[in-house]
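[1] build me a model:
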Amino acid sequence: MAFNDPFGQQNPYGQQQNQFGQQSPYGQQNQFGQQPRELFPSLWGSQEDLDKATTSCLARVFLRMFIALLVTAAVSFTIYRTPGAMEYLISNPFLTLGMIVVQFIVVMILSFRVMKMSPAVSNVMFFAYAILTGVTLSFIFISYELGTIFQAFAIAALMFGAMAIFGTVTHRDLTKLGSLCLMGLIGIIIASIISIFTGGFSDTITLIINYIAVLIFVGLTAYHTQRIKNMLRQANETNQDEAIKKISVMGALSLYLSFINLFLRILAIMGRKR
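    Presented below is the predicted three-dimensional model:
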């Protein structure tokens with residue numbers, strides 16, 4: 001559909017008329033009384049298209065995240081049940097440290113480059129990260145009782161699920177909440193670094209930090225879920241399916257990280273109470 005712009009040329013994007021009688025490409029109500037309409041990038045032709053894309057993307061996000069968690073749990077438990085592998089990791093702390101560094105690098109690459117990668121490459125990196133996380137998390141089985149681990153996982157899953165649903169259905173803008181949680185996360189990281197060089201905090205301070213961290217990752221779960229929808233709305237890829245695939249990897253990574261950290265903080269709290 002075409003319309004005349006103020007200079008008499010045809011413009012392929014418009015839907016609403018402006019004050020000169022031409023169609024306006026923005027559909028926003030202004031001082032001249034035009035009817036408002038939500039602006040979509042050229043990738044989505046209508047609200048219906050965007051809704052279908054959102055449903056498809058969120059389904060891929062949670063499926064990919066669920067599979068990644070299964071991979072992490074399988075790797076972690078297999079190493080724990082293989083005495084030779086567990087002993088090897090314990091006797092080679094620099095290997096574990098190296099894997100943690102690699103994990104950090106992979107997260108940084110995916111965070112900043114995922115929209116420029118092919119979906120196949122980003123998927124490989126995401127599941128490689130899940131495997132590395134499984135290796136490093138194998139130590140929890142020698143630090144906590146099995147029952148405590150399962151209880152912490154169940155509590156984390158319930159809290160995560162509730163906040164993911166909230167982030168999906170709420171119409172409130174969670175950007176400010178996300179910003180506050182990210183600031184709090186930076187504070188937690190700084191506190192963790194300080195504790196390494198000071199020999200750790202008291203049990204009371206550590207417990208308080210863990211409770212604050214739980215609140216932070218609960219908030220980030222809702223924020224990241226809503227952010228997936230916002231990323232789709234603003235997507236400017238050349239292909240709808242390509243946009244859904246790339247954003248679903250980024251979304252799965254964000255929520256995977258939130259869940260893992262939420263689980264570890266709850267586990268730390270429950271472990272100290274035993």
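[2] how about the strands in the stretch 1-150 of the chain?
    Assigned by DSSP state E, counting those that start in this stretch, the stretch 1-150 of the chain shows strands spanning 3-4, 10-11, 16-17, 23-24.
[3] against residue 60, how distant is the nearest residue to residue 229 once chain neighbours are set aside?
    Closest residue to residue 229 apart from its sequence neighbours, by CB to CB, 6 or more residues apart in numbering: residue 54 at 5.4 Å. In short, each C-beta sits where N, CA and C put it, glycine included. Distance, residue 54 to residue 60, by CB to CB, to the nearest Å: 11 Å.
[4] that older thread, report how many residues lie close to the residue nearest to residue 229.
    18 (other CB atoms under 10 Å).
[5] repeat that for residue 241.
    11.
[6] double-check that it belongs to a strand.
    No: applying DSSP: H, G, I helix; E, B strand; the rest coil, one finds residue 241 to be helix, outside a strand.
[7] what helix or strand is residue 162 located in?
    helix 146-169 (DSSP states H and E).
[8] from the chain's centre, how far out does the next helix or strand after that helix sit?
    Next helix or strand after helix 146-169 toward the C-terminus (DSSP H and E): helix 175-198. Counting by CA atoms, centre = their mean, to the nearest Å, helix 175-198 is centred 17 Å from the centre of its parent chain.
[9] for stretch 67-74, same thing?
    16 Å.
[10] same check, this time on stretch 73-93
    28 Å.
[11] so for it, what gets flagged as buried?
    Neighbour counts over stretch 73-93 (16 or more other CB atoms under 10 Å) mark 73, 75, 76, 77, 79, 80, 86, 89 as buried.
[12] how about those in JSON lines, adding distance to residue 255?
    Output for these, formatted as JSON lines (distance: CB to CB, whole Å):
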{"residue": "73", "distance to residue 255": "16"}
{"residue": "75", "distance to residue 255": "19"}
{"residue": "76", "distance to residue 255": "19"}
{"residue": "77", "distance to residue 255": "22"}
{"residue": "79", "distance to residue 255": "24"}
{"residue": "80", "distance to residue 255": "25"}
{"residue": "86", "distance to residue 255": "29"}
{"residue": "89", "distance to residue 255": "27"}
